[in-house]
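Peer 1: sequence first, predicted coordinates after that:
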Amino acid sequence: MTTTEFTLTDAERAALPTDEDVRSYAERGWYLSQKLLTDDEVDTLVEASERFYAGHRARRLPSRPAKLAYWEPEHGDVQRHNDYVHYESDEIAAILRKPIIGAVAARLAEAAEIRVFQSTLILKPPSPGEPSNIVPWHFDRHYWQTCTSERMLTAFIPMHECTEEMGTITMVDGSHAWKEIGGDDKTTRHFAERNRSELEDLLVRNAEFNGAQVNKIPMHIPKGHMSFHHCRTYHGSGANRSPRPRRAISLHLQDGDNRYRQFHRSDGDLVVYNHDSLVRRDEAGLADYSDPQFCPVLWQSQTASDETA
Ligand SMILES: O=C(O)CCC(=O)C(=O)O
Ligand SMILES: [Fe+2]
């Protein structure tokens, strides 16, 4: 990905979250955007992802980190996850770096700069009984223990209207503000490695501990719109009961201040994120989460008022 000018058209400015939207995100931990992508851009994502699945790459990762999610045709008709799609597909990256997406994230996170942290190309095949299609309750911060930031967030970008029938992403309202219990070392493991009922139980116990109800809100996302969720918002998704594949990209975003930090499990083991074996080192010899090859800048406010205007 190359740098772009961080400017918006008048129409795009009108699609930014309002002050009320920013307040609502702070309170609820999620936001459903206006239309940020044209129908042509959304259709291009579908075509580019089909080329990706057929094996086309602009470049390949120089090495495979230990926990890389990387669907290949021999894995068959399970849910597909492909990390670093912004690195491997220039066609997809060109759409993900559209400044309005970073600008919306900057408003929500109240940050002057937004960089890519990760992007995952996702496809849920249209098979209602497919167990791998279920995304158990989790929040993304658990996978990002090597990050200093508490403001990171994710844009969930479907490649079509995304409905409950398709197993759209579902938010647990306000859960980003909960204090956590039972967040033991296991939470750094990806949900695919964990037991579903264990995670459902953890959600219920956390709600009780906070005197809160579990209010699940499925995101009905029109074509070209996307949802955003805070890194501590519990979310998950169900079966795809529709006759079509559910296609999306999870675009995980970091604010400009985010840095690598060493994080040890209670057994002393160092937590390792996939970036740690890929990105350049900073002056202190630590993984540089601002390496432009893997973590390009999506948005920089031109003036202080851009963040709040
Ligand atoms: O695919 C989904 O429904 C959920 C994706 C997810 O966990 C995320 O975007 O952080
Ligand atoms: Fe997630």
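Peer 2: That came through fine. It should be emphasised that the depicted structure is a prediction, and the values quoted were computed from it without experimental measurement. Ligands and ions are numbered 1, 2, ... in the order given.
Peer 1: what about residue 111, neighbour count?
Peer 2: 25 (other Cβ atoms under 10 Å). Any C-beta I mention is one placed from the backbone N, CA and C, and that applies to glycine too.
Peer 1: phi, psi of it?
Peer 2: Note on residue 111: backbone dihedrals following degrees, to the nearest 10 are phi -120, psi 150.
Peer 1: the residue nearest to it when sequence neighbours are not counted and ligand 1: what is the separation?
Peer 2: With sequence-adjacent residues excluded and distances taken as Cβ to Cβ, 6 or more residues apart in numbering, residue 111 is closest to residue 255, at 3.6 Å. Residue 255 is 17 Å from ligand 1, where distance means Cβ to the nearest ligand atom, to the nearest Å.
Peer 1: and the protein, which of its residues are near ligand 1?
Peer 2: By Cβ under 6 Å from any ligand atom, the residues of the chain that approach ligand 1 are 122, 135, 140, 154, 156, 169, 235, 237, 248, 250.
Peer 1: of all those residues, which two lie farthest apart?
Peer 2: Farthest-apart pair in the residues of the chain next to ligand 1 is 140 and 248; separation 14.7 Å (Cβ to Cβ).
Peer 1: which residues of the stretch 151-300 of the chain fall in strands?
Peer 2: Using DSSP state E, counting those that start in this stretch, the strands of the stretch 151-300 of the chain run over 153-158, 170-172, 216-218, 227-230, 235-237, 246-255, 297-300.
Peer 1: make JSON lines from the ones you listed and add mean pLDDT to it.
Peer 2: Listed next are the strands of the stretch 151-300 of the chain as JSON lines, based on pLDDT from 0 to 100:
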{"stretch": "strand 153-158", "mean pLDDT": "99"}
{"stretch": "strand 170-172", "mean pLDDT": "98"}
{"stretch": "strand 216-218", "mean pLDDT": "98"}
{"stretch": "strand 227-230", "mean pLDDT": "99"}
{"stretch": "strand 235-237", "mean pLDDT": "98"}
{"stretch": "strand 246-255", "mean pLDDT": "99"}
{"stretch": "strand 297-300", "mean pLDDT": "98"}
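Peer 1: could you dump the ones you listed into CSV with distance to residue 11 added?
Peer 2: Output for those, formatted as CSV (distance: least, Cβ to Cβ, whole Å):
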stretch, distance to residue 11
strand 153-158, 19
strand 170-172, 27
strand 216-218, 28
strand 227-230, 19
strand 235-237, 29
strand 246-255, 21
strand 297-300, 17
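Peer 1: where in the stretch 101-250 of the chain is pLDDT low?
Peer 2: When residues are selected by pLDDT under 70, those of the stretch 101-250 of the chain lie in 183-190, 192-194.
Peer 1: which residue packs closest to residue 5, ignoring adjacent ones?
Peer 2: Spatial nearest neighbour of residue 5, chain neighbours left out: residue 99 (7.4 Å); criterion: Cβ to Cβ, 6+ apart.
Peer 1: pretty sure that neighbour contacts residue 9?
Peer 2: No: contact between residue 99 and residue 9 fails when scored by Cβ atoms under 8 Å: they sit 9.4 Å apart.
Peer 1: need the CA coordinates for stretch 161-169. PDB is fine.
Peer 2: Only the C-alpha atoms of stretch 161-169 are listed here, as PDB (Å, rounded to 0.1, in the frame of the first residue of the first chain):
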ATOM      1  CA  GLU A 161     -25.900  -6.300   2.100                       C
ATOM      2  CA  CYS A 162     -25.300  -8.300   5.300                       C
ATOM      3  CA  THR A 163     -28.300  -9.700   7.200                       C
ATOM      4  CA  GLU A 164     -29.000 -11.800  10.200                       C
ATOM      5  CA  GLU A 165     -29.900 -14.700   7.800                       C
ATOM      6  CA  MET A 166     -26.300 -14.500   6.500                       C
ATOM      7  CA  GLY A 167     -24.800 -14.700  10.000                       C
ATOM      8  CA  THR A 168     -23.800 -11.000  10.200                       C
ATOM      9  CA  ILE A 169     -21.600  -9.700  13.000                       C
END
